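Engineer: next one to model:
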Amino acid sequence: MSQVIFVVLMIAALLWPLVLVLREPLMAALTGRGEMRFPLDPLWATAPLPALALALLGPDGSLSLSAWLLGGAWVLDEPRRVLLAFTALLWLLSGWYARGYLVGERDRANAGNDASAARLSRFAVLWPLTLSGNLLLLVAEDIASFYLGFAVMTFAAYGLVIHSGTRDALTGGRAYLIMAVVGEGLILGGLLWGAGTLGALTLGEFREGLATAPHGAWIGLLLWLGFGVKAGVAGLHLWLPLAHPVAPTPASAVLSGAMVKAGVVGWVATLPLGEPAAEAAFVGLGRAMLLVGLVGAFGAALLGVWQRHPKAVLAYSSVSQLGMLAALVGTGLVAPALWAALAPAVVLFAAHHGLTKGALFLGVGIGEHPPRLPAWVLALLLALPALSLAGVLGSGLATKWAFKAALYKGGHSGLVTWLSLAAVGTTALMARTLWCQWQGERQARHDGLVPLGAPMPLAWLLLVVSALTLPLWLPVLGMRPEAPPVAELAGLWWPAPLGVALALVGGGLVHYRLPRLAKRRLPPGDLWWPLASGLSRLWVATWPWLERLAAAKAAWVAWWVALERSGTSALEALGGGERWLRRHAAVLMMAVAVGLALVLLFSAA
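Structural biologist: Residues are numbered from 1 along each chain as shown. Sure, this is the predicted structure:
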């Protein structure tokens, strides 16, 4: 009976979002009406509900489909259950939030605005399509399903990024798409190389075989970089600060909360973490991941505090937090024996960051459209997820203790120190985010307040509560994070006040002592702009040479065409001679015979 429940819930979780994708086109085809009949209705928002039911109620199990691609294998175990639960919950609440966030778009569409109707229709279709890819990659055990889900999620999300159609949105979408194509190429190359070498069709076989494969480290490098594009590895993070601020706020929440975790899931699913045989070959890759992860954790914090838009600050915060996750995964390659203790901490970190960062992004929209709450209550509610991400309370505190305890047991106290210093940057970023939100919220209160029971405030409040109480309801999913001992609280809390102090001192110093520096604007995207400018100048510089090359090519082709024509003319002349010979062949043979007879006659004489 439990297997039947598992199969039903698994199929429903993966098919229901696709049914909602096809609902509008099918209804339009059946009724002959071009406009949307169900723009973001409550049924549309239920797309992640079967997946959440699978995570909460479904038993562990696997579903094999021999007719699916190269043989489908979809699995639910404890790590996947946790990842699926927080992902589905975040998509569910963000979708409900979107119903309120896009109400103005819907009103304009109903009033006859074709552009708004097109944007709303695109959002209504691409949202569940992106979700379906996200869910598939989480439960997939076969390589083909995993890559299919990853690719569908990646490319469908492009339409969410460019939803508004503004210049900034198109720029962010261009950066997202370029980096996505680069990442997909690296992932596909690594998976095909590894699967072909190992003869593996499942991720488990791939991971085990990669540990001893002849070129396993090079395959791992491709996969690290390919998944690192999604996970915001330093140097490959260019799209995050450009795409997050321009996307609709609910799309930003799932982009940063759920979709970027697909990169971490890719690392865990394909790299030989915890395999003792991989230690010698993969230790170099693990150290590189550790180093680059720490660079991202610190560098993103330094860049983020200069941003003025709260969503740009949160985007850099995601790069910083994912840098910490990359450092933990890299440690698992450097010390395989430690991965068994570190893996639950990584999963908990991903779930905590996903829900908390989603609450922070939705809070940006709440600051722009504040609910009917006293200002101090709203400020406190906006600050709670920020404090949790800084590791002061709730799931953030439990997460920080989980990976610190694992690292202490493994003898990596030095990494604990570096991660604690990175948490100082996280606190500074949260202080900057709240400051930017507070400035915007003061103006928004003059524009009117939203009822507390409206979709936006209700979904945001539920997400805040879910993020803060994550350690309390995780045991339902089989994971039981330990509460930190009282004696360890001081060691866990000290980065937060230091980060706030640095933010206050630095902000005051810049504002009052260095006003010119305060007015300077550091655009989000950092490396994107010099790279784009350099490529543009390179294109301008090489264009004359390209024109000359094109002219030389044209002359070369013209010479060969002329040579071909002359050769054709010669062949035609030869053909004419052949025809003449065929017509006069009898006369010529008689003449030759007479000539030979005369030669013989005169020779005899």
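Engineer: and the residue minimising distance to the centre of the chain, which of the three is it?
Structural biologist: Centroid-nearest residue in the chain, with CA atoms, centre = their mean: residue 230, separated by 3.6 Å. Here residue 230 is recorded as helix under DSSP: H, G, I helix; E, B strand; the rest coil.
Engineer: so how far is residue 287 from it?
Structural biologist: 22 Å (CB to CB, to the nearest Å). Using the backbone N, CA and C atoms, a C-beta is placed for each residue, glycine as well.
Engineer: so where's the protein uncertain?
Structural biologist: Scanning the chain for pLDDT under 70 picks out 1, 28-29, 31-38, 440-448, 507-521, 529, 604-605.
Engineer: mind giving me the domain split of it?
Structural biologist: Residue ranges for the domains of the chain, per automatic domain parsing: 2-522, 551-604.
Engineer: for residue 533, find the nearest of the ones you listed.
Structural biologist: Nearest to residue 533, of all these, is domain 2-522, at 13.1 Å by CB to CB.
Engineer: hang on, the earlier thing: from the domains of the chain, which stretch is densest packed?
Structural biologist: domain 2-522 (a mean of 20; mean count of other CB atoms under 10 Å).
Engineer: now the helices for the stretch 451-600 of the chain?
Structural biologist: 455-468, 470-473, 489-493, 495-508, 515-519, 528-583, 585-604 (DSSP state H, counting those that start in this stretch).
Engineer: err, the stretch 301-450 of the chain, not the other one
Structural biologist: 310-334, 339-368, 375-389, 394-409, 413-444.
Engineer: can I get the domains of the chain in JSON lines with distance to residue 533?
Structural biologist: Formatted as JSON lines, the domains of the chain follow (distance: least, CB to CB, whole Å):
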{"stretch": "domain 2-522", "distance to residue 533": "13"}
{"stretch": "domain 551-604", "distance to residue 533": "28"}
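Engineer: closest to residue 528 out of these?
Structural biologist: Per CB to CB, nearest to residue 528 of those: domain 2-522, 4.4 Å.
Engineer: so what's residue 430 up against?
Structural biologist: 317, 386-387, 389-390, 499 (CB atoms under 8 Å, 6 or more residues apart in numbering).
Engineer: kindly recompute the last result at 7 Å.
Structural biologist: For residue 430, the contact set (CB atoms under 7 Å, 6 or more residues apart in numbering) comprises 386, 389-390.
Engineer: picking that back up, of all the helices of the stretch 451-600 of the chain, which lies closest to residue 79?
Structural biologist: helix 470-473 (15.2 Å).
Engineer: so what secondary structure elements neighbour that closest one?
Structural biologist: Packed against helix 470-473 by the contact rule (3 or more CB pairs under 7 Å, 6 or more residues apart in numbering; DSSP states H and E) you find helix 339-368, helix 394-409.
Engineer: off-centre distance for it?
Structural biologist: Computed by CA atoms, centre = their mean, to the nearest Å, the separation of helix 470-473 from the middle of its chain amounts to 26 Å.
Engineer: what's next to it, contact-wise?
Structural biologist: 351-352, 355, 395, 398, 481.
Engineer: ok so, going back, TSV for the helices and strands packed on helix 470-473, including distance to residue 264?
Structural biologist: TSV is the format used below for these (distance: least, CB to CB, whole Å):
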stretch	distance to residue 264
helix 339-368	6
helix 394-409	13
